[in-house]
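>>> below is the structure, and that's it, no one-letter string:
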């Protein structure tokens, strides 16, 4: 394991994600203002598989929300594929989220009244897409890829926790995002199921070149990533390249 500086023998490609001096303050301008992120800067290359670790309260989820364009930074800049993000343009934010990003959370947030297939298609349908044969076929193929070919028509309450998380992963990958942000995706699962879900994320990374930024408290899982960024008190304390454990 060694310090990560992004150096390479050939010219660096345009980063998939670039953060420069990201600060996030809640209650800005009030007597109770609290700054959670203190000038965070780093780059992610296309296809990187990175763990974001750190103690509770270090700002990991806040940072993921800022990267995911779910809430604005108080200052600093964020760019995707060299294109700076304008937080004041909600239409652009919505388009960028749909175009570039997938999300997987600790709690899968599946809609209980809908089947696994319908849950995978839900972001597509909410975004104005239709239940066309092409979209349905892609959703079915993703569910098959995550090992749920026999659960397509089952509702969440008929699935185990690990199966529900697999549905959430298929949903996150439906639009073929360049980057998946995963906030404790295995935190609600037992060790065996956690390992299976993590291996699934790794497989999609290797087979499709999808980049992942994964918040985890599990050092075993972090050691299976190519890079580890540690956040402490809202600042990057460590950023190292890693030789993944098997």
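Noted; the coordinates are in hand. Small disclaimer: the values here were computed from a predicted structure and weren't measured. Residues are numbered from 1 along each chain as shown.
>>> ok, longest helix in this structure?
helix 191-208 (DSSP state H).
>>> need the phi and psi values for the closest residue to residue 54 other than its chain neighbours.
Residue nearest to residue 54 in three dimensions, not counting chain neighbours: residue 231, with 3.8 Å by C-beta to C-beta, 6 or more residues apart in numbering. C-beta coordinates here come from the backbone N, C-alpha and C atoms, glycine included. Main-chain torsions, residue 231, degrees, to the nearest 10: phi -110, psi 130.
>>> Three-state assignment for the residue nearest the centre of the chain, please.
By C-alpha atoms, centre = their mean, the mean C-alpha position of the chain lies nearest to residue 181, the distance being 0.6 Å. Three-state call for residue 181 (DSSP: H, G, I helix; E, B strand; the rest coil): strand.
>>> report the contact partners of it.
Taking C-beta atoms under 8 Å, 6 or more residues apart in numbering as the criterion, residue 181 is in contact with 64, 67-68, 101-104, 213.
>>> so in terms of bridging, what pairs with it?
On the basis of DSSP bridges, residue 181 is bridged to residue 103, residue 213.
>>> and the gap between the residue of the chain positioned farthest from its centre and residue 13?
Going by C-alpha atoms, centre = their mean, the residue of the chain most distant from its centre is residue 31, 33.3 Å out. Computed with C-beta to C-beta, to the nearest Å, the distance linking residue 31 and residue 13 is 45 Å.
>>> can you check residue 33 too?
Using C-beta to C-beta, one gets 38 Å for the distance from residue 33 to residue 13.
>>> same check on residue 235?
Residue 235 is 27 Å from residue 13, where distance means C-beta to C-beta.
>>> with residue 174 instead?
For residue 174 relative to residue 13 (C-beta to C-beta), the value is 26 Å.
>>> kindly report the same for residue 76.
Distance, residue 76 to residue 13, by C-beta to C-beta: 22 Å.
>>> those two: which is more packed in?
A count of neighbours by other C-beta atoms under 10 Å puts residue 76 above the other of residue 76 and residue 13, at 16 against 11.
>>> part of a strand, is the more buried one?
Yes: counting by three-state DSSP, residue 76 falls inside a strand.
>>> ok, now which ones touch it?
Counting by C-beta under 8 Å, 6+ apart, residue 76 makes contact with 19-23, 39-41.
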